[in-house]
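Novice: Quick one, what's the 3D model for this:
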Amino acid sequence: MLRNYVKIAFRNLWRNKVFSGINVFGLAVGLASCLLLFLYISHELSYDAFHRNADRTVRVVMEYSMEGVVNRVQQTGTKVAPEFGRQFPEVEAGVRLENRQSVVSYADRQFNEKRVVYADSALFAVFSFQLKQGNPKTALAGPNLVVLSESSAKKYFGNENPVGKTVRINAGGGNKEYAITGVVQDCPTNSQIKYDLLASFSSLSASKTEQWFTANYATYLLLRTPESITNLQAKIPGFMRTQFSAEEMTGSNYLTYLLEPLRKVHLYSEVEGNFEPNGDLVYLYIFGSVALLILVIACVNYINLATSRAVERAQEVGVRKVMGAQRAQLFGQFIGESLIVTFTALGLGLLLVYLSLPFFNELSDRSFSFDALLTSRNLLLLLGISLVVSFVAGGYPALVLARFEPVRVLKGHLKTAGAGQFRRTLIVFQFAITAFLIVCTLLVRNQLAYIQEKKLGYDKEHVLVLPADRQVNEKIRTLKSEFKRNANVRQVARAYESPVFINGGYSMRRSDQAEEKYKSVTALPVDDDFVKTLGLRIVAGRDLTPNDLERATVPGRDSLLHFHFILNESAVKEMGWLSPQEAIGKKMDMGEGRSGEVGTVVEDFHFASMKQKISPLVLFPEEGGNVLFVKLSGNQLPTTLQFLEEKWKTLVPSRPFEYEFLDEEFTKLYSAETRTGKIFTVFAALSILLACLGLFGLSAYTTAQRTKEIGIRKVLGASVSTIVLLLAKDFLKLVLIAIVLASPLAWWAMNRWLQDFAYRIDVAWWVFVVAGVLALGIAFLTVSFQSIRAAVMNPVKSLRNE
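Specialist: From the prediction side, this is the model:
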């Protein structure tokens, strides 16, 4: 019996190849989309799960309040890990980390490494990074020691054993020999901490002193038990109040620390990551919803096509029932057909995943492998999904067919009005999904375009960004002079950070106010050419001069440094001055010997993500810097870059000439949003494809059912356009209803998403009109293809049997 059912199922599927192909391909695309997005979502959810002590490891976040303004930063001072280890029994171990961009040399080769992470010797006790060679207890237990990642070891030494050899690391100006004590496995892609080399923290001068402030380091603690997190967090505020005198922390001012469970940092933390940007849980919900919606569209196609063919199979069901078939047997037969379609689609879907994985990796900026789907857990999950899809897609058609009454069916009395209404409901549902995705895609892309096109307040075009160190700073005047000998080099400047994202936390006060009136502010040390190079607009005062830079770095007659401060408009308001002009010449103090006056006010510019409002910013003169900016004209770029490289190699042979353009850095700031926009676009297109595929099959069947009607209408003089409109209008009504239903939901969802941006577009009405026109146009073209074929057919052929 079972063999007979399988044989009949294959015969039915083969006899209706077009409909079977639509079902198989639609489900295959739906399943492939789900699998690709499943890879992305599961990867994000698995961050740091590979650490065996992940449940009792925490990241320490510094929280401080100045004049009622609360700030949270991902860095801490050097004192947190050792002091907490001494004071709190809950702490088993602690590790401090700092990532530095460094030039690493071996023999005559140099590499500009962006991920040289300095770490305490407890690193391998706290985290589960696997050493391939070396002793985890001693690998970083001393100054000037380094552990190479497998990739770095291969790059520097090929197949040689690197342990025992030395490399030179030039970080922060110090060019020292580091002994290689081990080789560590490359950091997993789902790790917050990313490294190419791990150097001992005791190599840094900062390790010699313990400070609460000067927060430049990531701190992680390994606690005794997972329950210790709550206990320790409750103790920290009280302990920190005992660390400062009453004069230092008065009123609402305070300093404390928050503990974030390691597994929660990547997706749940409101504080930025130390080594890479955090993920966003909202985007995972979005991608999960998109995957589910695409699969639902594919299932709707199956249900619609299966129920539309119910009349054709009614007589088969009637004969089987007369021959003694039970309803359960018929239900099993039709579910069996659904299982065959689904598992065929699963096989094709896996093939589509394999073929599209390189493209998806590029799209998502990840490196997923097909093998990740072939684990026993994932295979069981695939089996479960396939069974669910089979019963969801095939269950309703099977119930409809199995319920047919044989006497009424064999007499030709078969009512399908209910099934027709159900099919129309499903068409509305799937096109509502499609319209929703079209609207969301348009708005995401509009927001990204707004970010790219919005005036930032500084010029990011044709600005070359080069890393700087002590050797570069020592030759800065010569470098500037030599670079400017090229007519295409307009300006050269340096600073401690890029204007794309300024992260330096300082405090400032007006000199005519009490000393406890310091306010939190973002600040950036710059040189006298920074304003000109970045094209900042001065609204009051004058620009920095070389003399201002000298006065800030060389003691004057009274042995006091004097600073020319540059404030943005927001800082002027924060300090209580009524206008930029009023602020000019006013005395200011930024602590640590930085006193002077406001010499310049510049127009507000974006120095952080557009998810944040522009906040108070101070630029102040200082020798040195970590970044060099070269403003180019944009003409003859290849020859200009070649000229700069030649000068660089002559003047700074200790560092490779590696650069990035400022607009590229800006684009990276919104990599998550850009990635989301691209993924949204691709999968919205897939949803449209699937919806059209189902509509194509349904319209083909409907047209075939009305062939004789079309023939009669043509004989009576109906035109092709009249017939096409007749056949299309019912479907277009359903699509229009879907658009109306989807629009409020899309408006609500995108308003929620845009709330994350301080600077954002408005959800304009025309977006919904465009989405509606697109959906209607696509639906009309899909239906028209079959309608035109039927309308141009010779009516003699369609009426031949009448």
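
Novice: for stretch 72-79, what is the average pLDDT?
Specialist: Mean pLDDT, stretch 72-79: 92.

Novice: The chain should start at 28 in everything you say after this.
Specialist: All right, first residue 28 from here; so that's stretch 99-106.

Novice: How far does it stretch from one end to the other?
Specialist: Length of stretch 99-106, first residue to last, C-alpha to C-alpha, to the nearest Å: 17 Å.

Novice: Next: stretch 675-693.
Specialist: 25 Å.

Novice: Just the residues contacting it, thanks.
Specialist: 130, 137-139, 197, 202, 483, 487-494, 496, 498-499, 502, 505-506, 509, 525-527, 656, 668, 671-672 (C-beta atoms under 8 Å, 6 or more residues apart in numbering). The C-beta positions use only the backbone N, C-alpha and C, and glycine is treated the same way.

Novice: Same question for stretch 391-405.
Specialist: Contacts of stretch 391-405 (C-beta under 8 Å, 6+ apart): 62, 66-67, 70, 216, 377, 380-381, 384, 387-388, 406, 409, 698, 702, 706.

Novice: Show me what the top strand by length along the chain packs onto, helices and strands only.
Specialist: Counting by DSSP state E, the longest strand found in the chain is strand 118-133. Applying 3 or more C-beta pairs under 8 Å, 6 or more residues apart in numbering; DSSP states H and E, one finds that strand 118-133 contacts helix 107-114, strand 136-146, helix 150-153, helix 177-184, strand 193-198, strand 245-250.

Novice: 6 Å instead, please
Specialist: The contact analysis (3 or more C-beta pairs under 6 Å, 6 or more residues apart in numbering; DSSP states H and E) places strand 118-133 against helix 107-114, strand 136-146, helix 150-153, strand 193-198, strand 245-250.

Novice: weakest of these by average pLDDT?
Specialist: Across these, strand 193-198 gives the lowest mean pLDDT, at a mean of 86.

Novice: Please point out which parts of the next helix-or-strand element following that one sit buried.
Specialist: The helix or strand immediately downstream of strand 193-198 is strand 201-211, counting by DSSP states H and E. Buried residues in strand 201-211, defined by neighbour count with 16 or more other C-beta atoms under 10 Å: 202, 205, 207-211.

Novice: what would the residues you listed look like in JSON lines with distance to T246 and pLDDT?
Specialist: Output for these, formatted as JSON lines (distance: C-beta to C-beta, whole Å; pLDDT from 0 to 100):
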{"residue": "N202", "distance to T246": "28", "pLDDT": "78"}
{"residue": "Y205", "distance to T246": "23", "pLDDT": "94"}
{"residue": "I207", "distance to T246": "26", "pLDDT": "95"}
{"residue": "T208", "distance to T246": "23", "pLDDT": "96"}
{"residue": "G209", "distance to T246": "23", "pLDDT": "95"}
{"residue": "V210", "distance to T246": "26", "pLDDT": "96"}
{"residue": "V211", "distance to T246": "21", "pLDDT": "96"}
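
Novice: Using PDB, write out the CA atom coordinates for stretch 471-483.
Specialist: Taking C-alpha atoms only, stretch 471-483 is exported to PDB below (Å, rounded to 0.1, in the frame of the first residue of the first chain):
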ATOM      1  CA  VAL A 471      16.700  51.600   5.400                       C
ATOM      2  CA  ARG A 472      18.400  52.500   2.100                       C
ATOM      3  CA  ASN A 473      17.100  56.100   2.400                       C
ATOM      4  CA  GLN A 474      18.500  56.400   6.000                       C
ATOM      5  CA  LEU A 475      21.900  55.100   4.800                       C
ATOM      6  CA  ALA A 476      21.900  57.500   1.900                       C
ATOM      7  CA  TYR A 477      21.000  60.400   4.300                       C
ATOM      8  CA  ILE A 478      24.000  59.400   6.500                       C
ATOM      9  CA  GLN A 479      26.300  59.400   3.500                       C
ATOM     10  CA  GLU A 480      25.000  62.700   2.100                       C
ATOM     11  CA  LYS A 481      24.500  64.700   5.300                       C
ATOM     12  CA  LYS A 482      26.900  67.500   5.800                       C
ATOM     13  CA  LEU A 483      29.200  66.400   8.600                       C
END
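
Novice: Over to the residue most central in space within the chain: give its phi and psi.
Specialist: Nearest residue to the geometric centre of the chain (C-alpha atoms, centre = their mean): A699, 2.5 Å. Note on A699: its backbone torsions stand at phi -60, psi -40 [degrees, to the nearest 10].

Novice: hang on, the earlier thing: next step: the contacts of stretch 391-405 restricted to helices.
Specialist: Among those, the members found in helices (DSSP state H) are 62, 66-67, 70, 377, 380-381, 384, 387-388, 406, 409, 698, 702, 706.

Novice: Walk me through the domains of the chain.
Specialist: 29-70+307-477+699-826, 81-295, 490-696 (automatic domain parsing).

Novice: so how far is Y145 from V190?
Specialist: Note on V190: its distance to Y145, by C-beta to C-beta, to the nearest Å, is 20 Å.

Novice: who has more neighbours, the two?
Specialist: Higher neighbour count among V190 and Y145: Y145, with 27 against 18, using other C-beta atoms under 10 Å.

Novice: right, and that one touches L225 too?
Specialist: No. Assessed by C-beta atoms under 6 Å, Y145 is found out of contact with L225, at 7.9 Å.

Novice: ranges for the helices of the stretch 328-477 of the chain?
Specialist: 337-349, 354-391, 403-429, 433-437, 444-480 (DSSP state H, counting those that start in this stretch).

Novice: now for the ones you listed, which one comes closest to E254?
Specialist: Judged by C-beta to C-beta, the one of the helices of the stretch 328-477 of the chain that comes nearest to E254 is helix 403-429, at 28.7 Å.

Novice: That closest one to helix 444-480, inter-axis angle?
Specialist: Interaxial angle of helix 403-429 relative to helix 444-480 (axes from the mean of the first three to the mean of the last three C-alpha atoms, to 10 degrees): 140 degrees.

Novice: Fine, thanks again, bye for now.
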